[in-house]
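Chemist: okay, predicted coordinates and the sequence, questions at the end:
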Amino acid sequence: MIIKTDAKQQEKLDKFFTEENTWFPDNVVEKFLAILFFILSGILSCIPNRIITFSDFNEDWKMILIGYMLYFVGVSYMIMKYKSYMESYSTNRKRTSTKDLLKNMPIDRMQLWIYITKKKIKPCAIMTAIILLLKVTISLTALKTIYPLDLLMVLVFNLVVPIFIA
């Protein structure tokens with residue numbers, strides 16, 4: 001299956017999300033939570049895996065997985081404004097899925113997935129670059145060596161896996 005970007009549908013999606021002026025006020029908390037989870041996960045992810053020395057191996061992996069789970073929650077909050085919508089003037093304040101709002105528009109679900117992926121790839125790439133830079137710096141300073149598995153885990157969990165979360 002080849003994934004192709006339809007320029008007309010992408011323009012319609014861009015226009016749809018930019019014209020909705022009620023999207024921003026409801027998403028301030030989501031942006032704040034995304035940034036908070038990115039910072040917390042970044043702190044945990046910058047620690048080289050060889051420095052985490054708890055009593056046994058199971059505790060080390062729990063610490064690493066907590067960092068990556070916080071990162072995935074941050075990514076989820078970051079893209080929430082493209083996944084659901086809440087009308088600010090409504091009395092019931094119920095969230096509606098973006099897919100339900102766009103069902104009357106000639107937009108394919110795959111094009112919505114591509115649009116969301118394009119929106120999250122830049123912040124994920126920036127976060128990955130920052131974590132890699134800090135992890136290499138800390139590894140060279142503390143351990144005088146760089147472990148390729150540490151760098152591979154950052155690339156896979158911070159850049160590749162979030163692309164599939166949509």
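Modeler: Thanks, I have it.
Chemist: for this structure, what spans make up the strands?
Modeler: 84-86, 95-97 (DSSP state E).
Chemist: looking at those, which is buried most?
Modeler: Most buried of these by mean neighbour count (mean count of other C-beta atoms under 10 Å) is strand 84-86; its value is a mean of 18. Heads up, the C-betas are built off the backbone N, CA and C, glycines and all.
Chemist: OK, contacts around residue 69?
Modeler: By C-beta atoms under 8 Å, 6 or more residues apart in numbering, the contact set of residue 69 is residue 41.
Chemist: check the gap between it and residue 78 for me.
Modeler: As for residue 69, its distance to residue 78 is 15 Å (criterion: C-beta to C-beta, to the nearest Å).
Chemist: tell me how many other residues crowd residue 63.
Modeler: Applying other C-beta atoms under 10 Å, we find 13 other residues in the vicinity of residue 63.
Chemist: that one against residue 45, yeah?
Modeler: No - between residue 63 and residue 45 there is no contact under C-beta atoms under 8 Å: 10.3 Å.
Chemist: could you tell me the least trusted of the strands of the chain?
Modeler: Mean pLDDT per stretch puts strand 84-86 lowest among the strands of the chain, at a mean of 70.
Chemist: quick one: contacts for residue 70?
Modeler: The contact partners of residue 70, by C-beta under 8 Å, 6+ apart, come to 37, 40, 41, 44.
Chemist: kindly report the same for residue 163.
Modeler: Residue 163 is in contact with 117, 120, 121, 124, counting by C-beta under 8 Å, 6+ apart.
Chemist: give me the subset of the residues you listed that lies in helices.
Modeler: Among these, DSSP state H puts 117, 120, 121, 124 in helices.
Chemist: residue 128 is nearest to which of the strands of the chain?
Modeler: For these, proximity to residue 128 was assessed by C-beta to C-beta; strand 84-86 is nearest, at 26.0 Å.
Chemist: count the residues that sit near residue 37.
Modeler: Close neighbours of residue 37, defined as other C-beta under 10 Å, add up to 20.
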